[in-house]
Structure formats: C-alpha cells, structure tokens
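*Asks:* What follows is a protein structure lacking sequence information:
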C-alpha cells in the first residue's frame with residue numbers, strides 16, 4: 001500500500017479533515033495491535049513496525065506500549081531503543097539517527113495548535129519536523145516539541161522539555177531545556193568500568 005504524503009510545515013485542518021482522520025485511525029489500529037502483543041514476541045513486533053514506520057534500521061526495539069499518529073512519518077536508524085510509553089505525534093517527519101536510546105515516558109510532538117482560541121476551535125494546526133542525531137540519549141519523561149533538532153552524541157536529562165534546538169556533544173537539562181555542559185574526555189571516567 002502506498003503511504004500518502006501528509007503536508008509538512010503547512011497549516012491544515014488536522015482535527016476535522018477526514019483524510020487525515022482516516023490515516024490516523026489506520027496508525028492507531030496498528031499501534032493497538034502492537035501493544036496487544038506479548039512483549040517478548042519480537043518477530044511480530046518487527047512485522048508491525050515494518051508496516052507502520054516510514055523506515056527502520058537493524059536492531060530496532062520499541063518497548064510497548066507505543067503510540068503514534070500516522071507512523072509512516074517516523075524514521076529510525078540502526079540500534080534504536082525506546083523504553084515503555086513512547087508517544088510520537090508525527091504530523092511532520094520525526095527522524096532518529098543510529099544508536100539512539102529513549103527512556104520511559106517520552107513524547108515527541110510535531111503538532112502546534114493555534115494560540116488564538118477561535119483558530120484553535122476551527123482545528124487549525126501546523127506540524128514541524130523533529131530530528132534527533134546519532135548516539136543521542138533521551139532521559140525519562142522528556143518532551144521534545146515541534147521543529148526541534150538535537151545534535152549527535154547529546155544527552156537530554158530526565159524531565160526536560162526541549163523547546164529549541166540543542167547542539168551536538170552536550171548534556172542539556174531543564175524546563176525549558178538548555179545546555180548544562182559539553183561532553184568531554186573526562187566523561188569516559190565517570191561511569192563504572194567493569195574489567196573482563
């Protein structure tokens with residue numbers, strides 16, 4: 001089945017457009033089937049993810065439950081891992097690089113609703129893409145908002161709300177999320193080493 005293109009970075013009647021609503025229903029049906037699986041049924045999980053996501057690399061693990069809207073706007077690289085309760089509202093593209101870890105209870109939302117109440121009632125919304133680089137670790141309970149890019153090797157601390165781009169090679173934390181410090185060679189000595 002060809003996957004229709006959802007308008008990216010354009011205003012649309014997201015809440016009241018029957019075409020989009022049908023596509024979202026399709027995505028939700030697949031998420032529902034995914035979440036009903038035995039959590040150790042990796043083969044069936046992979047089959048559903050291959051049909052749901054735009055693309056995925058080797059060794060992709062998304063621990064149920066997982067929810068998204070369209071699915072086909074999501075791209076994950078090699079060795080992607082997310083823990084329980086990942087939510088991605090993918091009205092625009094959401095791209096994850098290789099070796100990305102996502103902790104429990106994280107949300108990536110491309111949607112922005114109008115601030116004006118009349119526009120909001122009319123269902124006007126815009127979707128902006130999210131990009132997460134390679135070797136990124138997203139801590140528990142992080143929310144990443146529309147239009148954000150997170151650079152390679154970066155760590156986002158637990159509970160952060162990422163409202164703006166975060167550069168590569170840093171630790172960033174807080175609400176709103178800001179850079180706390182760079183990642184340096186000293187960080188190789190801060191985690192316990194286990195001799196073989």
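*Replies:* In hand now; what should we look at? Nothing here was measured: the structure is a model prediction, and the numbers come from that model.

*Asks:* Tell me the buried residues in the helix ranked longest in the chain?
*Replies:* Using DSSP state H, we find that the single longest helix of the chain is helix 18-36. For helix 18-36, a neighbour-count test (16 or more other CB atoms under 10 Å) marks 20, 23-24, 26-27, 30-31, 34 as buried. Where you see a C-beta, it was placed from the backbone N, CA and C, and this is true even at glycine.

*Asks:* Let me have these in CSV, extended by pLDDT.
*Replies:* Output for the buried residues of helix 18-36, formatted as CSV (pLDDT from 0 to 100):
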residue, pLDDT
20, 82
23, 89
24, 90
26, 94
27, 94
30, 97
31, 97
34, 97
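
*Asks:* shaky segments in the chain?
*Replies:* Scanning the chain with the threshold set as pLDDT under 70 gives 1-16, 193-196.

*Asks:* for it, what spans make up the helices?
*Replies:* Counting by DSSP H, the chain has helices at residues 18-36, 42-52, 117-121.

*Asks:* quick one: which of those helices is nearest residue 61?
*Replies:* Nearest of the helices of the chain to residue 61, taken as CB to CB: helix 42-52 at 8.0 Å.

*Asks:* what's next to the closest one, contact-wise?
*Replies:* Under the contact criterion CB atoms under 8 Å, 6 or more residues apart in numbering, helix 42-52 has outside partners 27, 30-31, 33-34, 37-38, 56, 60, 62, 64, 68, 71-72.

*Asks:* could you give the angle of that helix to helix 18-36?
*Replies:* Per axes from the mean of the first three to the mean of the last three CA atoms, to 10 degrees, the angle that helix 42-52 makes with helix 18-36 is 170 degrees.

*Asks:* for helix 42-52, which positions count as buried?
*Replies:* 45, 48-49, 52.

*Asks:* cool, stretch 81-89 as well?
*Replies:* Buried residues in stretch 81-89, defined by neighbour count with 16+ other CB under 10 Å: 81-83, 85-89.
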